[in-house]
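1. 3D, please:
(one chain, ligands or ions: 1)
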Amino acid sequence: MSSTTYSSFKLACIQLKVTSDKSANLINAKSKILEASRNGAKVIVLPECFNSPYGTKYFSEYAENIPQGESVKTLSEAAKEAKAFVVGGSIPERDSSGKLYNTCTVYDTEGNLIVKHRKVHLFDIDIPGMIKFQESETLSPGSSLTQFETDYGKIGIGICYDMRFPEMAMIAARKGCIAMIYPGAFNLTTGPLHWELLQRARALDNQFFVATCSPARDMKSTYNAWGHSTVTDPNGQIVATAEHDEAIIYADIDLEKIKQTRQMIPVSSQRRFDLYPDISAHK
Ligand SMILES: NC(=O)CCC(=O)C(=O)O
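-> Reported below is the predicted structural model:
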């Protein structure tokens, strides 16, 4: 890691078109990571489930061991060539006991796998007539929260449904993170209702940046992703967003904005821990 102090950096979210062909997904992901890097991105994000269609019936077939699998190899090479931090969306992971997880792997600029986050809150919902999805049919939940260091500051990771749980982002912010990144794949029911609202809420509550990265929408697949990968600033304002097709969005992450927002509206120093607990002290 560099000892230089940076005041800003460019972040890219790759709204990748995900197909049923894993090798094609990996080739496409790598080529888009290199494109984002050529355009100056220093932190590059892929979507949830970027190497496989999203669905409980696919997870076992596409699952890989981490770090032995081909997805880790590809992302590691891509990060090294791009000389960028890569937040590798997520892939179905199989551990040595055969359990499956929805897992995000993160790489430094030399291609080292520095951290992995297993989705903590599984997406189990039932909205009658609209959408029923039970990740827990095949997946197990992760059991830890995840932050990683970059040249620009510490960043927290959650995966999709994790964004609905404000405690995770709050803990990351109080532990000094400059941003929370959520690879995610909302759908055509909850996407228009909550996708933007949730990320703006997480950003505003914590006065830091929030980035979300979705797969592109494919109306022929069994799960239709909402798309709309987005970056929100510490004031809760959207600074970059996509529609639903394959795209790369870029945002300048100006670290001064965090300081300024917190100086102007100093909620973080006005908390009343005599009236409610500081949940960041929990773990
Ligand atoms: N992949 C997911 O976790 C989807 C979450 C989602 O759509 C939601 O509404 O929450």
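2. Please, where are all the helices along the stretch 151-283 of the chain?
-> Counting by DSSP state H, counting those that start in this stretch, residue ranges of the helices within the stretch 151-283 of the chain are 166-174, 190, 196-206, 255-264.
3. In terms of helices and strands, where is the closest residue to residue 61 other than its chain neighbours?
-> Leaving aside its chain neighbours, residue 61 sits nearest to residue 52 (7.6 Å; criterion: C-beta to C-beta, 6 or more residues apart in numbering). C-beta coordinates here come from the backbone N, C-alpha and C atoms, glycine included. Using DSSP states H and E, residue 52 maps to neither a helix nor a strand.
4. My read is that residue 52 contacts residue 64, right?
-> No - using C-beta atoms under 8 Å, residue 52 makes no contact with residue 64, being 9.5 Å away.
5. what about residue 243, distance to the ligand?
-> Residue 243 sits 18 Å away from the ligand when distances are taken as C-beta to the nearest ligand atom, to the nearest Å.
6. Who are the contact partners of that residue?
-> Applying C-beta atoms under 8 Å, 6 or more residues apart in numbering, we find residue 243 in contact with 227, 228.
7. Could I get the phi/psi values of it?
-> Taking degrees, to the nearest 10, you get phi -90, psi -130 for the backbone angles of residue 243.
8. Now do it, the pLDDT please.
-> On the pLDDT scale, residue 243 is placed at 98.
9. again with residue 283
-> Looking at residue 283, its pLDDT reads 54.
10. same check, this time on residue 6
-> 88.
11. repeat for residue 77
-> Looking at residue 77, the pLDDT reads 98.
12. what number of residues lie near it?
-> By other C-beta atoms under 10 Å, 14 other residues sit near residue 77.
13. Over to residue 217?
-> Look at residue 217: counted by other C-beta under 10 Å, it has 22 neighbours.
14. And the residue lying closest to it once chain neighbours are set aside, how close does it get to the ligand?
-> Nearest-residue entry for residue 217: residue 244, 3.9 Å, with adjacent residues in sequence omitted and distances by C-beta to C-beta, 6+ apart. Using C-beta to the nearest ligand atom, we find residue 244 at a distance of 14 Å from the ligand.
15. go on, residue 112?
-> Here the distance between residue 112 and the ligand works out to 27 Å (C-beta to the nearest ligand atom).
16. which residues does the nearest residue to that residue once chain neighbours are set aside contact?
-> Leaving aside its chain neighbours, residue 112 sits nearest to residue 76 (7.4 Å; criterion: C-beta to C-beta, 6+ apart). If a contact means C-beta under 8 Å, 6+ apart, then residue 76 has 107, 111, 112, 113 as its contacts.
17. Could you look up the SS state of residue 76?
-> helix (DSSP: H, G, I helix; E, B strand; the rest coil).
18. intersection of neighbour lists for residue 52 and residue 64?
-> 91, 92.
19. near the ligand, which residues of the stretch 151-283 of the chain show up?
-> Counting by C-beta under 6 Å from any ligand atom, the residues of the stretch 151-283 of the chain lying close to the ligand are 160, 161, 164, 185, 186, 187, 190, 194.
20. Narrow the residues you listed to those in strands?
-> The subset of these located in strands under the criterion DSSP state E is empty.
21. From those, keep the buried residues only.
-> 160, 161, 164, 185, 186, 187, 190 (16 or more other C-beta atoms under 10 Å).
22. thinking again about what came up before, which two in the contacts of residue 76 are spaced the farthest apart?
-> 111 and 113 (8.2 Å; C-beta to C-beta).
23. Next, residue 115: phi, psi?
-> Reported as degrees, to the nearest 10, the phi and psi values for residue 115 are phi -160, psi 160.
24. surely it meets residue 103?
-> No - with contact defined as C-beta under 8 Å, residue 115 does not reach residue 103; the gap is 10.7 Å.
25. Only C-alpha atoms, please: export stretch 41-51 in CSV.
-> The C-alpha coordinates for stretch 41-51 follow below in CSV (Å, rounded to 0.1, in the frame of the first residue of the first chain):
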residue,chain,number,x,y,z
ALA,A,41,-10.6,4.0,-11.9
LYS,A,42,-8.6,3.0,-8.8
VAL,A,43,-11.4,1.0,-7.0
ILE,A,44,-13.4,-1.1,-9.4
VAL,A,45,-16.6,-3.0,-8.4
LEU,A,46,-18.4,-5.9,-10.0
PRO,A,47,-22.0,-7.0,-9.4
GLU,A,48,-23.4,-9.6,-7.1
CYS,A,49,-23.2,-13.1,-8.6
PHE,A,50,-21.2,-11.9,-11.6
ASN,A,51,-20.0,-15.4,-12.8
